[in-house]
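In: 3D model of this:
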Amino acid sequence: MSAYDPAALECLAAIVEEGGFERAAQRLNVTQSAVSQRLRALEAQVGSVLIVRTRPLRPTNAGQLLLKHTKQLRLLRADLERDLQELAPSAPGGTREDERIAIAINADSIATWALDALGDLVRQRLPLEIIADDQDFTQEWLRSGQVLGCVTTLAQALRGCKVVPLGAMRYVAVAERSYAAQHLPQGLTAHNFRSVPFLSFNRKDDMASEFIARGFGLKRVALHHVYVPSSEGQVRAVLAGWGAGVVPELLARAALADGRLVDLAPGRWLPIQLYWHCWNLESAVLDALTAALKAAARGALEEG
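Out: Below you'll find the predicted structure:
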């Protein structure tokens, strides 16, 4: 098999990750013409188009394979850096700024427990990039080869990957105290949930609908949504009286304890099982990420 130029592979990755040729050139500190030339040379070597020039740009199937290969090379270099640091702790790290170790994590985990898991690794100079998405969609980043691991609700291991159960995150329905007294004085029921808007992350977020459907045995649930693409922002919006929210109990715990928020459905909660998927490779970096996430989840999430 042909050996691929690492600079050309990183050029392909930069185009995809930055979303265009101009920004890729800025990141790589080369001209836009040089980026185009490297891509053309790589496409000629592969014998296939690697980038579809749409808006946004996207890799072809062949491009996705080479992108995954590039990520694996980054992982090998990160492993080497980690080993060298252990041999010579005073030596400066050599990982380039653009060679990020990317993982995808759902926003609610980022807002509650996941950052605590990763702190030590970042302080050890692991060049980490966290991509946030809905927990039902983070696996698509792994499937396409754009990340080396993800936290997701998918239980079955993806091809070429291993899966580790993390536990369940508990979601509760809440509202600001005076708002609840005015609009939902009897709490949330199967008959009044349409009377208030629900805070949601984005159009992919069906947490509130799932909570009501499961909690009240309904098949179809239509809600009025207000979209706030931040887990912490949703809680702030609920506290400001924008509407009700189905949020992680971990995130609402303090406001529930001091009475600023009220539980709209006492005794009802929605457990969402989370799993860590990563490439099935021998890697000290992957092992460290897996161990750190497992340990933090064990202390924050419920056993599945």
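In: going forward, measure contacts between C-alpha atoms and count neighbours the same way
Out: Will do.
In: May I see the buried residues of stretch 208-222?
Out: Buried residues in stretch 208-222, counted by 16 or more other C-alpha atoms under 10 Å: 208, 209, 210, 211, 212, 213, 215.
In: Put together TSV for these, with distance to residue 264 on each row.
Out: As requested, these are exported to TSV (distance: C-alpha to C-alpha, whole Å):
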residue	distance to residue 264
208	12
209	15
210	15
211	12
212	11
213	15
215	12
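In: How much space separates residue 224 from residue 107?
Out: As judged by C-alpha to C-alpha, to the nearest Å, residue 224 and residue 107 stand 22 Å apart.
In: Give me the more crowded residue out of these two.
Out: Using other C-alpha atoms under 10 Å as the criterion, residue 224 and residue 107 rank with residue 107 on top: 21 against 14.
In: right, and that one touches residue 136 too?
Out: No: look at residue 107 against residue 136 with C-alpha atoms under 8 Å: they stay out of range, at 11.1 Å.
In: Show me what the helix or strand where residue 63 lies is packed up against.
Out: In this assignment (DSSP states H and E), residue 63 forms part of helix 61-87. In terms of contacts (3 or more C-alpha pairs under 8 Å, 6 or more residues apart in numbering; DSSP states H and E), helix 61-87 is packed against helix 6-18, strand 101-106, helix 284-300.
In: how about low-confidence regions in the stretch 51-200 of the chain?
Out: In the predicted model of the stretch 51-200 of the chain, residues 86-99 satisfy pLDDT under 70.
In: Please enumerate the helices of it.
Out: 61-87, 107-112, 114-123, 138-143, 177-183 (DSSP state H, counting those that start in this stretch).
In: Okay, angle between the first one and helix 284-300 too, please.
Out: Spelled out, it's helix 61-87. In terms of direction (axes from the mean of the first three to the mean of the last three C-alpha atoms, to 10 degrees), helix 61-87 departs from helix 284-300 by 90 degrees.
In: buried residues in helix 61-87?
Out: By neighbour count on 16+ other C-alpha under 10 Å, the buried set for helix 61-87 is 63-64, 66-68, 70-82, 85.
In: before we move on, what about the third one?
Out: Neighbour-count burial for helix 114-123 flags 114, 117, 118 (criterion: 16+ other C-alpha under 10 Å).
In: which residues touch the last one?
Out: For residue 118, the contacting residues are 289, 292, 293, by C-alpha atoms under 8 Å, 6 or more residues apart in numbering.
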